[in-house]
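**Student:** Okay, predicted coordinates and the sequence, questions at the end:
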Amino acid sequence: MESNLLQHISSPADLKKLKEQQLPQLAQELRDFIIDIISKKEGHLGASLGVVELTIALHYVFHTPEDLLVWDVGHQAYGHKILTGRREIFHSNRQLGGISGFPKRKESQYDTFGVGHSSTAISAALGMAIASNLKGDTDKQHIAVVGDASIASGMAFEGLNHAGVTNANLLVILNDNAIGIDPSVGALKEYLTAVKEGKNPKDNNIIKSLNFDYSGPVDGHDIFGLIAELKRLQKIKGPKFLHIITTKGKGLQLAEEDQVKYHAPGKFDALTGKIHPVSSDNLPPKFQDVFGLTLVELAKQNPKIVGITPAMPTGSSMKFMMEAFPDRAFDVGIAEQHAVTLAAGMATQGMVVFCNVYSTFLQRAYDQVIHDVAIQDLPVIFCLDRAGLVGEDGATHHGVFDIAYLSCIPNMIVGAPINEIELRNMMYTAQLGLKHPIAIRYPRGRGVVQDWKQPFAMLETGKAKMLRKGSKIAVLSTGTIGNNVINALAETEHQNLFSHYHFPFVKPLDENSLHEICQNHEHILTAEDGTVVGGFGSLVASFCTENNYSVTIEKLGIPDHFIEHGSVKELQEICGIDMESLLSKFKKLSLKN
């Protein structure tokens, strides 16, 4: 047996030189390689381990990149990246200046479509297939690999619905492992389970009913069976659907046993899989846990409170509510549009609804936020986790647009607490009955206050807080970036020059405070972890212009281009909103004044 087949593979052309009998050895080497790198560098582990055989089979049978392969979401594409010329730089995965953790068109010709959010692969691959037909390229293959959690999304069904009435040369592969990040939910999951267990009548097949040539379910870890079936399907024209069964985390026992934890486990021992402990002693809590635990605390007091999350009970800590009040907390699957309108429906009946969505994922339900919630002025409480720069997941996951896209919506209140205590109090205030929809944004990671579980207190909606009084320069911040401002000002020499105002509410803006600020300062500096175009700073600048103030305004935040992946600190430095950059800015302003 030849040792280390993987080191000789820099492209699918190299892969095709192997004999089929060598592929199980390659699969083991590929698994070992992924485990070794991710154990040290971190990243998404379980999903890629589950599709090793599928990845090899796809590139072995099809003629990529001429045949177009689209991965849904992209958590599972590490093996794909390694086999398509990125093995030697895979250690840079998700690091500043390194390769992306997701497929990315600029990175490789083998990454045919950029992804990061779920359920786009079928539509994208169908678009490619129709384009190929229009160009007369009828032999080209178009493959979409979709997970069982992703295919339950509305957009995936829209793609299937359209594909079924075309003659597009499309192959949809359902990677069915009964889990996304958290376990899959819903009636479709129960249907797929029945299919896997042989309990579903052969004449009752959803996919066949949509005019697909259906095959499966087949063992997704039987590489020889996969290759044989892919070769058969390669010869069939029109829309095809292959249902494969896999195990997330395959090949690492602990990852198979705890698939939620090993989706992205952090650093771990490559041999045993045991996760290296990270001490959280004497550290402030994660914002998501403050949200989750506070929601339970409020729900005990208010029986009308319900919680909704689209497929993120663990990541958002809605799991605490689901454990404490299983009848009042709902994981609706990867269905952000449904989550928002479901919340709106509940709100019409007097329920107090906390709809907990990652900031970047609420973008997928923008129409529902406007039409179903804001126009009807329904008091849905949106809790936007992962607001601001999220780090290594990169441009698809940064929650930097929410201030801009929400503050322009009538009736919408937009809140951005500076710390855990203010988050608690904003949630408390919202559930007492603001009579308007509100979005409360907070970042990924830990806060700044250890003793955060303080008695609840009402907040005055739209009221800013003066944290420091100075003579010439006013620094206006919103959200947790205000802590960087506080720390930078504490080290500034001429502190007497600087005022600092924290705006817990971006909308409504505290105009009384803004009048006072403009009348008593020569220079205004705004700081936020959202986009400077259309964001908090833009709103302040518009106020000053409309009221004919001549004060100088400088806006700090996310510039008008997409920020790539790296640590949060590195990305804040790039944007000039980390503590050191702010300190440098304050020193320069001090010299001018």
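**Tutor:** Ah, there it is. Residues are numbered from 1 along each chain as shown.

**Student:** remind me which residues of the stretch 201-350 of the chain are low pLDDT?
**Tutor:** Scanning the stretch 201-350 of the chain for pLDDT under 70 picks out the ranges 201, 203.

**Student:** Going by residue numbers, what spans are helices in it?
**Tutor:** Taking DSSP state H, counting those that start in this stretch as the test, the helices found in the stretch 201-350 of the chain are 206-209, 223-234, 253-257, 287-301, 319-324, 336-348.

**Student:** out of these, which comes closest to residue 96?
**Tutor:** helix 287-301 (23.2 Å; CB to CB). Backbone N, C-alpha and C define where each C-beta goes, glycine included.

**Student:** Of the helices of the stretch 201-350 of the chain, which is nearest residue 491?
**Tutor:** helix 287-301 (25.2 Å).

**Student:** Which parts of the closest one count as buried, going by neighbours?
**Tutor:** The neighbour-count check on helix 287-301 (16 or more other CB atoms under 10 Å) flags 287-299 as buried.

**Student:** Am I right that residue 318 is in contact with residue 309?
**Tutor:** Yes - the criterion here is CB atoms under 8 Å, and residue 318 meets it with residue 309 at 4.2 Å.

**Student:** JSON lines please, covering the helices of the stretch 201-350 of the chain and showing distance to residue 369.
**Tutor:** Shown next, in JSON lines, are those (distance: least, CB to CB, whole Å):
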{"stretch": "helix 206-209", "distance to residue 369": "30"}
{"stretch": "helix 223-234", "distance to residue 369": "40"}
{"stretch": "helix 253-257", "distance to residue 369": "36"}
{"stretch": "helix 287-301", "distance to residue 369": "19"}
{"stretch": "helix 319-324", "distance to residue 369": "22"}
{"stretch": "helix 336-348", "distance to residue 369": "6"}
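
**Student:** List just the one of those that sits closest to residue 63.
**Tutor:** Per CB to CB, nearest to residue 63 of the helices of the stretch 201-350 of the chain: helix 223-234, 9.6 Å.

**Student:** First-to-last residue distance for stretch 496-512?
**Tutor:** Taking CA to CA, to the nearest Å, the first and last residues of stretch 496-512 lie 23 Å apart.

**Student:** Give the buried residues for that stretch.
**Tutor:** Buried residues in stretch 496-512 (16+ other CB under 10 Å): 497-507, 509-510.

**Student:** Can you list the low-confidence ranges for the stretch 1-150 of the chain?
**Tutor:** 1-2.

**Student:** Show me where it has its strands.
**Tutor:** 68-71, 142-147 (DSSP state E, counting those that start in this stretch).

**Student:** The stretch 401-550 of the chain too?
**Tutor:** Under DSSP E, counting those that start in this stretch, the stretch 401-550 of the chain gives strands at 413-415, 438-441, 465-468, 473-477, 498-502, 505-507, 523-531.

**Student:** closest to residue 170 out of those?
**Tutor:** Where those are weighed against each other on CB to CB, the nearest is strand 523-531, at 36.2 Å.

**Student:** The closest one - contacts with which helices or strands?
**Tutor:** helix 402-407, strand 473-477, helix 481-490, helix 536-546, strand 552-558, helix 579-592 (3 or more CB pairs under 8 Å, 6 or more residues apart in numbering; DSSP states H and E).

**Student:** Pull out the CA atoms of it and give them to me as PDB.
**Tutor:** Taking C-alpha atoms only, strand 523-531 is exported to PDB below (Å, rounded to 0.1, in the frame of the first residue of the first chain):
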ATOM      1  CA  HIS A 523     -16.100  68.400  17.000                       C
ATOM      2  CA  ILE A 524     -18.200  65.200  17.000                       C
ATOM      3  CA  LEU A 525     -16.700  61.700  16.600                       C
ATOM      4  CA  THR A 526     -19.200  58.800  16.200                       C
ATOM      5  CA  ALA A 527     -18.200  55.200  16.800                       C
ATOM      6  CA  GLU A 528     -20.100  52.000  15.900                       C
ATOM      7  CA  ASP A 529     -19.500  48.400  14.900                       C
ATOM      8  CA  GLY A 530     -21.900  48.900  12.000                       C
ATOM      9  CA  THR A 531     -21.600  50.400   8.500                       C
END
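
**Student:** now it, how far from the centre of its chain.
**Tutor:** Strand 523-531 has its C-alpha centroid displaced from the chain centroid by 24 Å (CA atoms, centre = their mean, to the nearest Å).

**Student:** what angle separates it from helix 481-490?
**Tutor:** Computed by axes from the mean of the first three to the mean of the last three CA atoms, to 10 degrees, the angle separating strand 523-531 from helix 481-490 equals 140 degrees.

**Student:** Go through strand 523-531 and flag the buried ones.
**Tutor:** 523-531.

**Student:** what does stretch 227-241 give?
**Tutor:** 227, 229-230, 233-234, 238-241.

**Student:** give me every residue that touches the most centrally placed residue in the chain.
**Tutor:** Closest to where the C-alpha atoms of the chain average out (CA atoms, centre = their mean) is residue 397, at 4.4 Å. Counting by CB atoms under 8 Å, 6 or more residues apart in numbering, residue 397 touches 116, 358, 360, 386, 390.

**Student:** roughly how far apart are it and residue 116?
**Tutor:** Distance from residue 397 to residue 116, counting by CB to CB, to the nearest Å: 6 Å.

**Student:** Relative to residue 573, which of the strands of the stretch 401-550 of the chain is closest?
**Tutor:** strand 523-531 (12.7 Å).

**Student:** Can you tell me the strand partners of that closest one and which way each runs?
**Tutor:** Pairing partners of strand 523-531, with direction, according to DSSP bridges: strand 473-477 (parallel), strand 552-558 (parallel).

**Student:** buried sites along the helix ranked longest in the chain?
**Tutor:** Of all segments of type helix in the chain, defined using DSSP state H, the longest is helix 23-41. Buried residues in helix 23-41, counted by 16+ other CB under 10 Å: 23, 25-27, 29-31, 33-35, 37-39, 41.

**Student:** Check stretch 586-593 too.
**Tutor:** Buried, per 16+ other CB under 10 Å, within stretch 586-593: 586, 589-590.

**Student:** Tell me the one of those residues nearest residue 128?
**Tutor:** residue 586 (50.8 Å).

**Student:** Spit out the contact partners of the closest one.
**Tutor:** Residue 586 touches 473, 475, 488-489, 492, 498, counting by CB under 8 Å, 6+ apart.

**Student:** Could you report the pLDDT at it?
**Tutor:** On pLDDT, residue 586 comes in at 95.

**Student:** Next: residue 455.
**Tutor:** Looking at residue 455, the pLDDT reads 96.

**Student:** and it, how far is that from residue 234?
**Tutor:** 66 Å.

**Student:** same check, this time on residue 294
**Tutor:** 54 Å.

**Student:** and of the helices of the stretch 201-350 of the chain, who's closest to residue 354?
**Tutor:** Nearest to residue 354, of the helices of the stretch 201-350 of the chain and by CB to CB, is helix 287-301 at 5.8 Å.

**Student:** For residue 326, the count of nearby residues, please.
**Tutor:** By other CB atoms under 10 Å, 9 other residues sit near residue 326.

**Student:** how about it, phi and psi?
**Tutor:** Main-chain torsions, residue 326, degrees, to the nearest 10: phi -60, psi -20.

**Student:** How about the contacts made by residue 519?
**Tutor:** Residue 519 neighbours (CB under 8 Å, 6+ apart): residue 549.

**Student:** Contacts for stretch 564-584, please.
**Tutor:** Under CB under 8 Å, 6+ apart, the answer for stretch 564-584 is 94-98, 100-101, 389-395, 444-445, 481, 484-485, 487-488, 491-492, 527-529, 556-559, 563, 585.

**Student:** how long is it end to end?
**Tutor:** Between the opening and closing residues of stretch 564-584 there is a gap of 24 Å (CA to CA).

**Student:** Okay, now stretch 15-34: how far is its last residue from its first?
**Tutor:** 17 Å.

**Student:** let's have the chain start at 28 instead
**Tutor:** All right, first residue 28 from here; so that's stretch 42-61.

**Student:** Show me what it is in contact with.
**Tutor:** Here stretch 42-61 has contacts from 28-29, 31-33, 36, 72, 75-76, 79-80, 82-84, 86-87, 105-106, 109-110, 114, 117, 250-251, 254, 277-279, using CB under 8 Å, 6+ apart.
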